[in-house]
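J.: coordinates for the following, if possible.
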Amino acid sequence: MKDLVKIFFTVCFSVFLGCKALGQKFTTHSVKQNETLYSISKRYGVSQDEILKYNKELRKGEPLSINTILVIPNAGEVSAQPERTEPTKGNGEPVDGAVEELVNRIINDSVVKREPMGFVNHRVGKKETLYGIAQEYGVTEEEIKKYNKELYSSQLKRKMVIRVPKYKKVDEDQNTIDVGDYEKYVVAPKETRWSIANKYGITIDSMLVLNPSLSKTSNYLQEGYELLLPKIAGSTVDNQETQLYTSYTVPAKMNFYRLEKEFEVKSDEVVRLNPEITERGGLKEGMVIRLPETKLDPGAINTDNYIFYEVKPKQNEFRLTRKFGMSWEELIKLNPELKNGLKAGMVLKLPKNQVGEFEVRNSLILDKINLLDSINVENKPKIMFLLPFRLDKLDLNDEESVEWTIENRNSLKYSLGLYSGALVALDSIKSLGVSVDVKTFDNRLDLQRTREILQRENLGSYNAIFGPLDVLSLKEASTQAASYNLPVIAPVPAKSDISLGNVFFSYTQEETLRDRMLKFVSEKHTDENIIIIADSKNKMVQDSILSRFPNAKIVNVKEEEENIGINRDKLELQLSEDVENWVFVESDNFKLISSVVSILNSFHNAVLDIENPEAKKIMVRMFTTDKNNAFDNDVISSTHLSNLRFAYPSVYREAPSDSFVARYKKRFGDTPDKFAVRGFDITYDLLLKLAYKNNLLDVSKFIGETQYSGNKFDYEKDISSGYFNQASYIIGYDNMYIKELE
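T.: Modelled structure (predicted):
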């Protein structure tokens, strides 16, 4: 308990610093070439003396070094003017030439260039959004914010009167693309963004520029959706494609039949293209001939036939061939555009059944990236921790009262555990050379307090929010953060009815755990006798098990007002002595579980027919698809569970004695509990991903499963409800030890 109090006061200090920050707003600025203290002060609307006050290393009148990071006070009051940048895509690589001109037009038409002719006063109505108002008046959200600076630090509110700028209409031909170069494309069944990008030879970023209505956070593409895409060469009479050919050296024992199968070209066409074949009396080993490049039917490029991969920056021929287990020639045959060079953003297709050092999800190849080897120290993440410490309800001078509160208030116990682990993760990432800006706030389990904190903070300067724990505050945080494409991490179980795409549900859902367990049992099952014991609350679970194992036997649960249990004799009739008995126990009633565990244990290794000396012993193994808190009740014998080799799905495994545990003990003098382990794992995973690429929504599209001390993460984007962790463990008892089974 003394160690928990130590953790508590460490947290108090961090939260105190975070709460003080509410009174003063800051942002950071990286010094660019030719910038001066004067120009930066004008840009942010602050005095030079105010900047010097918070940047002690500067001297007035001395030149500024490029890339110096300055702390700018009162940053939320005056908006920094957007800078002109070269058109780039999310990974910093230039946008491909097919749409560069279109991107330039968008940039040249931004708020930097346009000056308003006047303004319209707009009174905000119920449920109106900044996006909707911008669309109504034909301006951008940033243009509205520029002339309503309060919108940089607070949300749009009903009855608020805002100034909407009016601009001179630009001639149509200046802002339109040549429709002759583009066509509408209707998405067919089983097509994905990657399959269509491959078909048209463009990058995903090009597709997003041409189709701004596409979500930038979700990969979902609805059947029947209309896309604007560049016309494929040769798709019209006026723009016929020139046939491309490849050189081919004839190997030994090659014949026209094999050529036709391999290159899909008829023998008479081969002879027509290569007259020397007739002169030399047929195909000869070593002969170099011309063959037309194989063209696939564009309609066949879908998830039935191929998987897809988007090329990342700095990848080369060697890395790709090793990753896919294919030769460069094989890759070129499937993707002829590789002949012109490998470029970041290219979408490659591979055979559906291809295996290699990669993971496939929804026909997209995910990278198994070693994040520790991929850190970019130039990335400086900024994280908000929003947890219910309830410091307002505690007398910090009364240590005994603090101890009692920590022991008896779950929200504080969870917050302390999560945050203490997060502090160790921050230490660990710092030792890797990554600088992290952290602000910690006590939201007090209060929705209004949460709203107040979020409105005061400049959310646009953050990379992620960790928390809150309560659902109402989580919804509020996700709603406000959505305007900035800011991810919100839910560290504990949360209902998935939050219909915003920026929430990362780190705790694997019950349905996913159940499916994982049933898959595990199915893969191990041969001829075992399956028995199900489920109470009335778990009839749907019983049906799920039956759908996997139609021949499973059911043991009815007798549920009375004061008693609950099963009939031992009826269970005995269902047991087999010829094969092992696998029993699913599905309940959250510890009395039923305790009774069933004792009965199953009494049968294990027993002989049903005691009068028959040659009778076989009964073998019983116990499973559940949901190991809830009832299974941890003290009345349930761990010895019995071990005898039954009890197995279950879990989001958590026992943390090994690794570097995290050593760091935690050194800092807090105690062994981390499962909440501290979880706080470390979630935070470390988040920081490593942001250190790799400072955009969690983007990086989560391409990184597969990651694993740390006690938790692993494999986020999959739902169509509308955020990112859900699909990772889990299968845990089992073995000789009084609890082990990871798979």
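J.: contacting residues around Phe227?
T.: No Phe there; residue 227 is Leu. Lys184, Tyr185, Val186, Val187, Ile196, Met207, Leu210, Asn211, Leu214 (Cβ atoms under 8 Å, 6 or more residues apart in numbering). From N, CA and C alone the C-beta is placed, and that goes for glycine too.
J.: so the first one sits against Leu228, correct?
T.: Yes: applying Cβ atoms under 8 Å, one finds Lys184 in contact with Leu228, separated by 6.4 Å.
J.: those two: which is more packed in?
T.: Leu228 (16 against 9; other Cβ atoms under 10 Å).
J.: which SS state does the more buried one fall under?
T.: strand (DSSP: H, G, I helix; E, B strand; the rest coil).
J.: now do Val120
T.: Per three-state DSSP, Val120 ends up strand.
J.: list the contacts for it?
T.: So Val120 contacts Tyr137, Arg163, Val164, Lys166 (Cβ under 8 Å, 6+ apart).
J.: run through the bridge partners of Ile383.
T.: Beta-bridge pairing for Ile383 (DSSP bridges): Val438, Ala464.
J.: okay, and which of the contacts of Val120 map to strands?
T.: Among those, the residues falling in strands (DSSP state E) are Arg163, Val164, Lys166.
J.: would you list those residues in JSON lines and tack on distance to Val288, pLDDT and neighbour count?
T.: Shown next, in JSON lines, are the ones in strands among the contacts of Val120 (distance: Cβ to Cβ, whole Å; pLDDT from 0 to 100; neighbours: other Cβ atoms under 10 Å):
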{"residue": "Arg163", "distance to Val288": "72", "pLDDT": "89", "neighbour count": "15"}
{"residue": "Val164", "distance to Val288": "68", "pLDDT": "90", "neighbour count": "20"}
{"residue": "Lys166", "distance to Val288": "68", "pLDDT": "86", "neighbour count": "14"}
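J.: which residue is the nearest non-sequential neighbour of Asn443?
T.: Sequence neighbours aside, Thr450 is the residue nearest to Asn443 in space, at 4.5 Å (criterion: Cβ to Cβ, 6 or more residues apart in numbering).
J.: next: Glu226.
T.: Closest to Glu226 by Cβ to Cβ, 6+ apart is Lys184, at 5.3 Å.
J.: out of the ones in strands among the contacts of Val120, which comes closest to Glu310?
T.: Nearest to Glu310 among the ones in strands among the contacts of Val120, counting by Cβ to Cβ, is Val164 at 38.5 Å.
J.: could I get the contacting residues of the closest one?
T.: Phe119, Val120, Asn121, His122, Ile133, Tyr137, Val139, Ile144, Tyr147.
J.: which among the residues you listed end up buried?
T.: His122, Ile133, Val139, Ile144, Tyr147 (16 or more other Cβ atoms under 10 Å).
J.: and the nearest residue to Asn711 once chain neighbours are set aside, how many neighbours?
T.: Distances taken as Cβ to Cβ, 6+ apart put Asp681 closest to Asn711, at 4.1 Å, once the chain neighbours are dropped. Residues lying near Asp681 (other Cβ under 10 Å) number 26.
J.: roughly how far does Asp681 sit from Tyr708?
T.: 4 Å (Cβ to Cβ, to the nearest Å).
J.: one more: Tyr684?
T.: 6 Å.
J.: who's more crowded, those two?
T.: Set Tyr684 next to Tyr708 and count neighbours by other Cβ under 10 Å: Tyr684 wins out with 23 against 20.
J.: who are the contact partners of the more buried one?
T.: Tyr684 makes contact with Ala425, Ser428, Ile429, Phe660, Tyr708 under the criterion Cβ under 8 Å, 6+ apart.
J.: now with 7 Å, please.
T.: Applying Cβ atoms under 7 Å, 6 or more residues apart in numbering, we find Tyr684 in contact with Ala425, Ser428, Ile429, Tyr708.
J.: so the third one, which state does it fall into?
T.: Three-state secondary structure (criterion: three-state DSSP) places Ile429 in helix.
J.: the residue lying closest to it once chain neighbours are set aside: how many residues sit nearby?
T.: Of all residues beyond its chain neighbours, the one nearest Ile429 is Leu687 (4.5 Å), with distances taken as Cβ to Cβ, 6+ apart. Neighbour count for Leu687, taken as other Cβ under 10 Å: 26.
J.: same deal with Ser598?
T.: 14.
J.: what helix or strand is it on?
T.: helix 590-603 (DSSP states H and E).
J.: residues contacting the closest residue to Asn255 other than its chain neighbours?
T.: Once flanking residues are discounted, Asn255 sits nearest to Leu283: 6.6 Å by Cβ to Cβ, 6+ apart. By Cβ under 7 Å, 6+ apart, Leu283 lies in contact with Val250, Met254, Asn255, Ile277.
J.: please flag which of these sit within helices.
T.: Ile277 (DSSP state H).
J.: for the contacts of Leu283, pick the one with the most neighbours.
T.: Ile277 (19 neighbours).
J.: confirm Arg709 sits in a strand?
T.: You called it Arg, but residue 709 is Ser. No: in this structure, Ser709 is coil, not part of a strand, as judged by three-state DSSP.
J.: isn't it up against Ile682?
T.: No: when contacts are counted by Cβ atoms under 7 Å, Ser709 is not listed as touching Ile682 (10.9 Å).
J.: so what does the host helix or strand of Leu573 touch, helix or strand wise?
T.: Per DSSP H and E: Leu573 is located in helix 568-574. When contacts are defined as 3 or more Cβ pairs under 7 Å, 6 or more residues apart in numbering; DSSP states H and E, helix 568-574 packs onto strand 553-555.
J.: how far out from the middle of the chain is the next helix or strand along the chain from the strand it packs on?
T.: Following strand 553-555 in sequence order, the next helix or strand is strand 558-559 (DSSP H and E). Computed by Cα atoms, centre = their mean, to the nearest Å, the separation of strand 558-559 from the middle of its chain amounts to 43 Å.
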